[in-house]
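# The following comprises the amino acid sequence and a computationally predicted model.
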Amino acid sequence: MTKRAYFGTDGIRGQANSHPMTAEVALRVGLAAGKLFMSQDDRRHMVVIGKDTRLSGYMVEPALVAGFASVGMDVRLLGPLPTPGVAMMTRSLRADLGVMISASHNAYLDNGIKLFGPDGYKLSDERELEIEALMDQGLTEGLAPPAGLGRVARIDDSQARYVEIAKATFPRRLSLAGLRVVIDCANGAAYKVAPVVLYELGAEVIKVGVDPDGTNINEECGSTHPEAMVRAVKEYRADIGIALDGDADRLVICDEKGHVVDGDQIMALIADNWAKRDRLTGGGVVATVMSNLGLERFLAARDLKLERTAVGDRAVMVRMREGGFNLGGEQSGHMIMSDFSTTGDGLLAALQVLAVLKHTDKPMSELAHQFEPVPQRLENVRFAGGKPLEDEQVKKVLAAAEVRLNGSGRLVVRASGTEPLIRVMAEGDDEKLVRDVVRDIVGAVKKAAA
């Protein structure tokens, strides 16, 4: 695959005001993407831009606006909105392009730029490479004449639109009345919309992480720090806790006892419920290589398949579209339900879980544990340079590990797409064997990386 200068596994991401997350790069993204998506015909073209609550959003957004407007593309600003909301608005407003300014679950120091095509799906690698090629051109090439500059306006009701779209995904004759729900918005993009959706559907809502100040996004709250949600569930004796991440495209849940539930259990719960109601398409679920073997066995026992992809919600969505699946996700909490959305949506996934909770009238603790996870161990090894996985001794240790697991488990060893890390994951029925295998591989990788 061609080496990419700006785009990583999920858009452009980095520390704010350092390459590649500078105002200049954002300007070049606007210029390049604007030129690329305006080249179809001579009508007026439009881009919608949403963001989360990071301080650096105030730097990135105007730079993008300047780039798009200067090549003649109209701009509509959505303000703080979940990533899936930006994807929805891209389609709803018949825009040519959608942009989300967010670094997802990262601390406020980072920021990122994600792009969506007119169909609301994340751009392909090929499209991103086309944008990169245009970004390295001169800043004065292809500019619009004074009369052809793009016009910029703010969409004041973008949050209200997303609230209505989200509510429409909940079963029509069902209400959340009688449920006490903790919602942790990570001081991020969903801090306004998520509590409103739950309240208007009838729930008693306890809000956490809804006071963004530009620097507290994901700080000791949200899906990466579920302790805040757990504390609130116990303090207010809530029926369920929901924690979103900074751009609200992923979630974790906890039951009324404060036990945290990961994405695999959530996928199992929704898949089982949809299959029973003849709503699951594709004959199963799409997940990544990191999902637990227990999920695979749970689905197999119900004559459903688990299709695995590379890590990343974009890879999951590509396979879902190819195979006609309407449910997919990641252990980390990205949940994609293509009946409702073109990308991961933590709030919509939470609504599906709440629907099961109301349908069954069972406590969340009973629903949360759909299967017994197979012992799984994940360790990360940081390296300074080179390619440790191509070391001969590492290859020998990996081959020996495969033999030891011998069909009773799985091994996934890969280089991270976003950091200089080798991720070593093993799982199997024998917990000691899993631990030993990971220890041996980590030792070999560290030696090779030294």
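Great, that's in hand. Numbering: from 1, shown residues only.
# So what are the sheet partners of the helix or strand hosting V205 and their directions?
Element membership of V205, judged by DSSP states H and E, is strand 204-208. Strand 204-208 pairs in its sheet with strand 180-184 (parallel), by DSSP bridges.
# Kindly export the partner strand (C-alpha atoms) in CSV.
C-alpha atoms of strand 180-184 as CSV (Å, rounded to 0.1, in the frame of the first residue of the first chain):
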residue,chain,number,x,y,z
ARG,A,180,-33.2,5.5,35.7
VAL,A,181,-30.3,5.9,33.2
VAL,A,182,-26.8,7.3,33.8
ILE,A,183,-25.4,8.9,30.6
ASP,A,184,-21.7,9.9,30.6
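# name the helices or strands packed onto the next helix or strand after it?
For strand 180-184, the succeeding helix or strand toward the C-terminus, using DSSP H and E, is helix 193-200. Applying 3 or more Cβ pairs under 8 Å, 6 or more residues apart in numbering; DSSP states H and E, we find helix 193-200 packed against helix 158-168, strand 180-184, strand 204-208, helix 346-360. Bear in mind the C-beta positions are built from the backbone N, C-alpha and C, glycine included.
# need the ones you listed in a markdown table with mean pLDDT, can you?
Listed next are the helices and strands packed on helix 193-200 as a markdown table, based on pLDDT from 0 to 100:
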| stretch | mean pLDDT |
| --- | --- |
| helix 158-168 | 97 |
| strand 180-184 | 98 |
| strand 204-208 | 98 |
| helix 346-360 | 97 |
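# Please identify the deepest-packed of the ones you listed.
Ranked by mean neighbour count, the helices and strands packed on helix 193-200 are led by strand 180-184 with a mean of 26 (mean count of other Cβ atoms under 10 Å).
# and it, how far from the chain's centre?
20 Å (Cα atoms, centre = their mean, to the nearest Å).
# what's that strand in contact with?
194-195, 198, 203-209, 221-223, 226, 228-229, 232-233, 236-244, 350, 354 (Cβ atoms under 8 Å, 6 or more residues apart in numbering).
# Output the top helix by length along the chain as CSV - backbone C-alpha positions only.
Determined from DSSP state H, the single longest helix within the chain is helix 431-449. The C-alpha coordinates for helix 431-449 follow below in CSV (Å, rounded to 0.1, in the frame of the first residue of the first chain):
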residue,chain,number,x,y,z
GLU,A,431,-5.5,-19.2,30.9
LYS,A,432,-1.9,-20.2,31.9
LEU,A,433,-1.0,-21.2,28.3
VAL,A,434,-2.4,-17.8,27.0
ARG,A,435,-0.3,-16.0,29.6
ASP,A,436,2.9,-17.9,28.8
VAL,A,437,2.4,-17.5,25.0
VAL,A,438,2.1,-13.7,25.3
ARG,A,439,5.0,-13.5,27.7
ASP,A,440,7.3,-15.4,25.3
ILE,A,441,6.3,-13.3,22.3
VAL,A,442,6.6,-10.0,24.1
GLY,A,443,10.0,-11.0,25.3
ALA,A,444,11.2,-11.8,21.7
VAL,A,445,9.7,-8.6,20.3
LYS,A,446,11.4,-6.5,23.0
LYS,A,447,14.8,-8.2,22.3
ALA,A,448,14.3,-7.6,18.5
ALA,A,449,13.3,-4.0,19.1
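# Give me the angle between the helix or strand encompassing D264 and helix 346-360.
Using DSSP H and E, D264 sits within helix 263-276. Relative orientation of helix 263-276 versus helix 346-360 (axes from the mean of the first three to the mean of the last three Cα atoms, to 10 degrees): 50 degrees.
# counting contacts, what elements does helix 263-276 pack onto?
strand 251-254, strand 284-288, helix 293-300, strand 327-329, strand 335-337, helix 346-360, helix 364-368.
# so how far is the last one from its chain's centroid?
When you say that, I think you mean helix 364-368. Relative to its parent chain, helix 364-368 has a centroid offset of 24 Å by Cα atoms, centre = their mean.
# Just say helix, strand or coil for the residue nearest to G72 when sequence neighbours are not counted.
Leaving out its chain neighbours, the residue that sits closest to G72 by Cβ to Cβ, 6 or more residues apart in numbering is A144, at 3.5 Å. Three-state secondary structure (criterion: DSSP: H, G, I helix; E, B strand; the rest coil) places A144 in coil.
# doesn't G150 make contact with A144?
Yes. Contact criterion Cβ atoms under 8 Å: A144 and G150 qualify, at 7.3 Å.
# circling back: need the helices and strands packed on helix 193-200 in CSV (columns: distance to E330).
Formatted as CSV, the helices and strands packed on helix 193-200 follow (distance: least, Cβ to Cβ, whole Å):
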stretch, distance to E330
helix 158-168, 21
strand 180-184, 19
strand 204-208, 23
helix 346-360, 11
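# Quick one: closest of the ones you listed to D255.
D255 lies closest to helix 346-360 among the helices and strands packed on helix 193-200, at 9.9 Å (Cβ to Cβ).
# quick one: the closest one to helix 158-168, angle?
Interaxial angle, helix 346-360 versus helix 158-168 (the same axes, to 10 degrees): 30 degrees.
# can you tell me which residues contact the closest residue to I441 other than its chain neighbours?
Leaving aside its sequence neighbours, I441 sits nearest to V424 (Cβ to Cβ, 6+ apart; 5.0 Å). By Cβ under 8 Å, 6+ apart, the contact list for V424 reads 378-381, 412-413, 438, 441-442, 445.
# any idea which of the residues you listed is closest to R297?
The shortest approach to R297 among the contacts of V424 belongs to V412, at 17.0 Å (Cβ to Cβ).
# helix, strand or coil for the closest one?
Here V412 is recorded as strand under three-state DSSP.
# gap between it and G428?
From V412 across to G428, the span is 12 Å (Cβ to Cβ, to the nearest Å).
# follow-up on the earlier one: looking at A144 and G150, which is more packed in?
G150 (23 against 15; other Cβ atoms under 10 Å).
# My read is that that one contacts L64, right?
No. Between G150 and L64 there is no contact under Cβ under 8 Å: 11.4 Å.
# still on that earlier bit, in TSV: the contacts of V424, plus pLDDT.
Converted to TSV, these look like this (pLDDT from 0 to 100):
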residue	pLDDT
L378	92
E379	93
N380	91
V381	91
V412	93
V413	94
V438	96
I441	95
V442	94
V445	93
